[in-house]
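**Student:** this one's structure only:
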């Protein structure tokens, strides 16, 4: 079975803290993604990665960075958390290739920044 | 840039009836994918159905089917014989084809309520 896991379902942090959100997939997928989900806004792409140590900015990268040291793991980093980063964060992955398309999602991490 | 619009923030349907969720999109590409994802309350986002733009035939998956109108850039989801378990947020999404990694562009979602 396809599986994408995220390190925490719920997380509470203080303003200014450095926050790490971890995502692991066991499907040997090349591509991994981080989305942010807010009510009334849908999901928006923050960053994605198509290979180890490779990354590309998505639509809303400001305030975030990412790390991909191993193929199966993709981390989202909030260098200095702010209250406007309170949100649900979803990780996804899929295979590389000209006609591969379906992304598989993790359960999400609901982050609250106080 | 591509955009995806879901004009119905919320829909309600009686159990066992049929409901249609609307989605329109804007793109200059000729080949792409369209998706409907379902997100039940506090649960994982799962794929309901996908459509490849070059295929004229509408995709179907059991009680779920789409009406894909490429010229009109419309991609609606029909759920037949609605069940209580269908209650969820439904997101329409777009992705262009190609070998590189590409994120999905999502609509804002439609909250589907099933009335028993």
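**Tutor:** That came through, no problem. The structure displayed is predicted, hence computed values, not measured ones.
**Student:** what residue is smack in the middle of the chain?
**Tutor:** Just going to use chain A. Residue closest to the mean C-alpha point of chain A, counted by Cα atoms, centre = their mean, is residue A:34 at 2.7 Å.
**Student:** that was the other one, I meant chain B.
**Tutor:** Nearest residue to the geometric centre of chain B (Cα atoms, centre = their mean): residue B:36, 3.0 Å.
**Student:** which residues of chain B lie near chain A?
**Tutor:** Contact residues of chain B with respect to chain A, defined by Cβ under 8 Å from any Cβ of the partner chain, are listed as B:4, B:6, B:9, B:33, B:35, B:37, B:43-47, B:50, B:52, B:91, B:93, B:95, B:97-109. (Glycine included, C-beta is placed from N, CA and C.)
**Student:** wait, the residue nearest to the centre of chain B sits on residue B:49?
**Tutor:** Yes. Using Cβ atoms under 8 Å as the test, residue B:36 is close enough to residue B:49 to be in contact (5.1 Å).
**Student:** mutual contacts of the two, please.
**Tutor:** Common neighbours of residue B:36 and residue B:49, using Cβ atoms under 8 Å, 6 or more residues apart in numbering or on different chains, are B:64, B:66, B:77.
**Student:** correct me, but the second one touches residue B:78?
**Tutor:** Yes. Look at residue B:66 against residue B:78 with Cβ under 8 Å: they come within range, at 7.2 Å.
**Student:** re earlier: out of the shared contacts of residue B:36 and residue B:49, which sit inside strands?
**Tutor:** Using DSSP state E, the subset of the shared contacts of residue B:36 and residue B:49 located in strands is B:64, B:66, B:77.
**Student:** model confidence at the first one, what's the number?
**Tutor:** It refers to residue B:64. Confidence per residue is given as pLDDT, and for residue B:64 that number is 97.
**Student:** likewise for the last one?
**Tutor:** The pLDDT attached to residue B:77 in the predicted structure is 98.
**Student:** equivalent analysis for residue B:109, please.
**Tutor:** pLDDT, read off for residue B:109, is 95.
**Student:** list the residues that contact the nearest residue to residue B:111 once chain neighbours are set aside.
**Tutor:** In space, and not counting its chain neighbours, residue B:111 is closest to residue B:10: 4.5 Å by Cβ to Cβ, 6 or more residues apart in numbering or on different chains. With Cβ under 8 Å, 6+ apart as the criterion, the residues that contact residue B:10 are B:110, B:111, B:112, B:113.
**Student:** next, count neighbours for the second one.
**Tutor:** One way to gauge burial is a neighbour count; for residue B:111, by other Cβ atoms under 10 Å in any protein chain shown, it gives 16.
**Student:** how about the strands in chain B?
**Tutor:** Counting by DSSP E, one finds strands in chain B at the ranges B:3-5, B:10-14, B:19-21, B:24-26, B:32-39, B:46-52, B:60-61, B:64-69, B:74-79, B:88-96, B:105-106, B:110-115.
**Student:** as CSV, the ones you listed with distance to residue A:107 would be great.
**Tutor:** Conversion of those to CSV gives the following (distance: least, Cβ to Cβ, whole Å):
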stretch, distance to residue A:107
strand B:3-5, 23
strand B:10-14, 24
strand B:19-21, 23
strand B:24-26, 27
strand B:32-39, 10
strand B:46-52, 11
strand B:60-61, 22
strand B:64-69, 22
strand B:74-79, 23
strand B:88-96, 14
strand B:105-106, 17
strand B:110-115, 19
